[in-house]
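> Quick one, what's the 3D model for this:
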Amino acid sequence: MADQRPIGIFDSGVGGLTVLRAIREQLPEEPTIYLADLYHFPYGPRYQDEVRGFAFDIIRYLESRDVKLVVIACNTATAAALNQARELFEVPLVGVIRPGAQAAVDTTKNNRIGVIATEGATRSQEYLHAIKELDPMVGVYQKACPELVDIVESGQADTPYAESVLRRDLADIVRIGADTLILGCTHYPLLKPAIERVYPKAFVLVDSATTTASKVVRHLDPGGGRPGHEVLVTAVPEHFNEIASNLFGETIEAEEVRIWEEQKAPT
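Below is the predicted model:
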């Protein structure tokens, strides 16, 4: 009998919705629970130990909801927590870094890959390690682009302001001649139209949303049945529902949940 338990997916904000969308496209019969930790957003500037603690708490919560698999749909949290979480939890865990690295190595023709990510993911060097493990001959140029996360969260991904920041942040990657660019934060796929306007055909864009969804497909026997979708947030968002609704072409009304005792009810 097919396992009809939901897939759990979490991120610090709207970025992981790109992974959720890809999973829903590739596994339309699977139920999902998506959780955005807006109470602790953003993860990128935080210490890895802190992010790891948040991730462990969220995985425990999703386990309590009887999910059959958890997708850490956040590069920063994947870098900080995935390896240790696999030792602590029985639920299968999928991160977003390895699938993106594999896709980039398979894509590059000149062995030059650029990676843009949050400060936390960049400091961890996880993309560098993953790429070098796959192919030691590939050159990797990494750049932390924390401002891009705020641009996406504020609903400005498709604006002249986003274009100006991207023109600045990607200039060095264009200069070194990378033919492949990893969008190393799940927020960044929402910037694809702006990137392609600023640097048209400069490189192939690789995002971990579609590649991670493909890994989930390989990991699961499709459940089928009733594909219900829950969207949860740990704090009341200003733009979350609007961005989520635009992504899915349907009305999304996230429900607030409180996972941590220190959380205060909204006033």
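
> So for the lowest-mean-pLDDT helix or strand in the chain, what gets flagged as buried?
Ranked by mean pLDDT, DSSP states H and E, the weakest helix or strand in the chain is helix 240-248, scoring a mean of 83. By 16 or more other C-beta atoms under 10 Å, the buried positions in helix 240-248 come out as 240-241, 243-244, 246-247. (Glycine included, C-beta is placed from N, CA and C.)

> Looking at the residues you listed, which is nearest residue 122?
Residue 122 lies nearest to residue 243 out of the buried residues of helix 240-248, by C-beta to C-beta, at 24.2 Å.

> And residue 134, how far from residue 200?
Going from residue 134 to residue 200 by C-beta to C-beta, to the nearest Å gives 28 Å.

> Also residue 116?
In terms of C-beta to C-beta, residue 116 sits 17 Å off from residue 200.

> Give me the more crowded residue out of the two.
A side-by-side neighbour count of residue 116 and residue 200, using other C-beta atoms under 10 Å, places residue 116 first with 25 against 7.

> May I have the one helix or strand the more buried one maps to as CSV, with CA atoms only?
Assigned by DSSP states H and E, residue 116 belongs to strand 112-117. Extracted in CSV, the C-alpha atoms of strand 112-117 (Å, rounded to 0.1, in the frame of the first residue of the first chain):
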residue,chain,number,x,y,z
ARG,A,112,34.2,27.3,-14.2
ILE,A,113,31.2,27.5,-11.9
GLY,A,114,30.0,30.5,-10.0
VAL,A,115,28.0,30.1,-6.7
ILE,A,116,25.9,32.9,-5.1
ALA,A,117,24.6,32.1,-1.7
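
> for the following helix or strand past that strand, the distance to its chain's centre please.
Counting by DSSP H and E, the next helix or strand C-terminal to strand 112-117 is helix 119-124. Here the centre of helix 119-124 is set off from its chain's centre by 14 Å, with C-alpha atoms, centre = their mean, to the nearest Å.

> now the strands for the protein?
7-11, 32-36, 69-72, 93-94, 112-117, 139-144, 180-184, 204-207, 229-233, 255-256 (DSSP state E).

> and those strands as CSV, adding mean pLDDT and distance to residue 42?
Formatted as CSV, these follow (pLDDT from 0 to 100; distance: least, C-beta to C-beta, whole Å):
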stretch, mean pLDDT, distance to residue 42
strand 7-11, 97, 10
strand 32-36, 96, 11
strand 69-72, 97, 15
strand 93-94, 96, 22
strand 112-117, 96, 12
strand 139-144, 96, 12
strand 180-184, 96, 14
strand 204-207, 94, 18
strand 229-233, 94, 14
strand 255-256, 93, 18
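
> of the ones you listed, which approaches residue 58 most closely?
Counting by C-beta to C-beta, residue 58 lies closest to strand 7-11 out of the strands of the chain; the figure is 4.9 Å.

> Next, count neighbours for residue 231.
20.

> most centrally placed residue in this protein?
Per C-alpha atoms, centre = their mean, the C-alpha nearest to the average position across the chain is that of residue 186, at 3.0 Å.

> where's the closest residue in space to that residue that isn't next to it in sequence relative to residue 254, distance?
Once flanking residues are discounted, residue 186 sits nearest to residue 15: 3.7 Å by C-beta to C-beta, 6 or more residues apart in numbering. Using C-beta to C-beta, residue 15 is found at 14 Å from residue 254.
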